[in-house]
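Engineer: Here is my input; please provide its structure:
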Amino acid sequence: MTIPEKEIYPRTGDKQTIYLKNVIHDPNITVGEYTMYNNFVNDPVLFEKNNVLYHYPINRDKLIIGKFCSIACGAKFLFNSANHTFHSLSTYPFPLFFEEWELDKKNVTDSWDNKGDIVIGSDVWIGYEAVVMAGVTIGDGAIIGTRAVVTKDVPPYTIVGGIPAKPIRKRFSEETVQALLDLRWWDWPKERIMQNLQAIQSGCIEKL
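Structural biologist: I've put the predicted structure just below:
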């Protein structure tokens with residue numbers, strides 16, 4: 001079924017920014033409502049091909065992205081098949097070339113260490129050309145800095161940056177963070193969000 005353009009491109013005349021959910025076909029990728037992706041280099045509709053890497057069906061790993069996320073141009077999600085195992089005496093992926101080495105084809109995933117899914121919370125901003133590695137969970141409201149390489153979990157409402165990415169600071173006090181996690185405004189009906197937009201944008205939790 002063809003998706004109407006207005007459900008893909010939220011801004012009139014802008015073909016660089018899309019609502020990501022509406023271009024996803026892979027059943028192992030889940031994206032929440034209003035999450036947007038911008039790409040000024042390549043067609044953003046090709047997100048699955050250009051940005052979700054080494055995501056092969058044989059591994060059954062998942063990319064889960066929440067609602068109201070902002071994903072900048074060139075952000076990448078690297079999955080388990082990009083890894084080589086650390087448990088072998090060699091990093092060479094012998095099981096991948098099972099025909100050459102007369103190995104059992106069903107053991108091909110022994111070529112790499114399986115670190116798990118990538119899970120992104122809601123209201124997360126992922127900066128330009130950031131890289132998120134397999135097995136990482138990024139909490140709600142977090143910010144991933146430009147060209148950061150995220151190898152470990154990121155707590156909610158935490159700003160991280162660098163290679164490897166490390167915490168820079170919390171966006172808000174612990175009390176405000178907990179209140180936001182309790183409110184989960186991103187799960188509200190659209191009408192309620194619209195009624196509270198000024199309060200959300202004000203940066204003042206008391207107004208909510």
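Engineer: CA atoms for contacts and neighbours, from now on please.
Structural biologist: Noted.
Engineer: List the contacts of the closest residue to Val52 other than its chain neighbours.
Structural biologist: Excluding the flanking residues, the one nearest Val52 by C-alpha to C-alpha, 6 or more residues apart in numbering is Phe77, at 5.0 Å. Shown in contact with Phe77 (C-alpha atoms under 8 Å, 6 or more residues apart in numbering): 51-53, 118, 131-134.
Engineer: quick check, nearest of those residues to Phe86?
Structural biologist: Using C-alpha to C-alpha, Ala134 comes nearest to Phe86 of those, at 14.9 Å.
Engineer: What about that closest one, how many residues nearby?
Structural biologist: Neighbour count for Ala134, taken as other C-alpha atoms under 10 Å: 28.
Engineer: Ramachandran coordinates for it?
Structural biologist: Main-chain torsions, Ala134, degrees, to the nearest 10: phi -60, psi 140.
Engineer: Next one: it from Lys62, what distance?
Structural biologist: 9 Å (C-alpha to C-alpha, to the nearest Å).
Engineer: Go through the contacts of Phe77 and say which is closest to Phe98.
Structural biologist: Phe98 has its nearest neighbour among the contacts of Phe77 in Leu53, at 22.3 Å by C-alpha to C-alpha.
Engineer: picking that back up, what's the overlap in contacts for Ala134 and Lys62?
Structural biologist: Residues touching both Ala134 and Lys62 by C-alpha under 8 Å, 6+ apart: 116-118.
Engineer: Out of those, grab the one that's most surrounded.
Structural biologist: So for these (other C-alpha under 10 Å), the most neighbours sit at Ile118, 23 neighbours.
Engineer: Report the beta-bridge partner residues of it.
Structural biologist: Per DSSP bridges, the residues bridged to Ile118 are Leu63.
Engineer: which residues does it contact?
Structural biologist: Taking C-alpha under 8 Å, 6+ apart, we find Ile118 in contact with 62-64, 77, 79, 132-137.
Engineer: closest to Asn39 among those residues?
Structural biologist: Using C-alpha to C-alpha, the contacts of Ile118 come closest to Asn39 at Phe77, 14.9 Å.
Engineer: Quick check: phi and psi on the closest residue to Ser70 other than its chain neighbours?
Structural biologist: Distances taken as C-alpha to C-alpha, 6+ apart put Trp125 closest to Ser70, at 4.7 Å, once the chain neighbours are dropped. Phi and psi for Trp125, reported as degrees, to the nearest 10, are phi -110, psi 120.
Engineer: And for Trp125, the neighbour number?
Structural biologist: Trp125 has 22 neighbours, counted by other C-alpha under 10 Å.
Engineer: in the protein, which spans are helices?
Structural biologist: Under the criterion DSSP state H, the chain contains helices at 47-51, 98-101, 174-183, 190-195, 197-202.
Engineer: how about the ones you listed in JSON lines, adding mean pLDDT and distance to Ala165?
Structural biologist: Shown next, in JSON lines, are the helices of the chain (pLDDT from 0 to 100; distance: least, C-alpha to C-alpha, whole Å):
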{"stretch": "helix 47-51", "mean pLDDT": "97", "distance to Ala165": "19"}
{"stretch": "helix 98-101", "mean pLDDT": "93", "distance to Ala165": "36"}
{"stretch": "helix 174-183", "mean pLDDT": "96", "distance to Ala165": "21"}
{"stretch": "helix 190-195", "mean pLDDT": "94", "distance to Ala165": "32"}
{"stretch": "helix 197-202", "mean pLDDT": "91", "distance to Ala165": "27"}
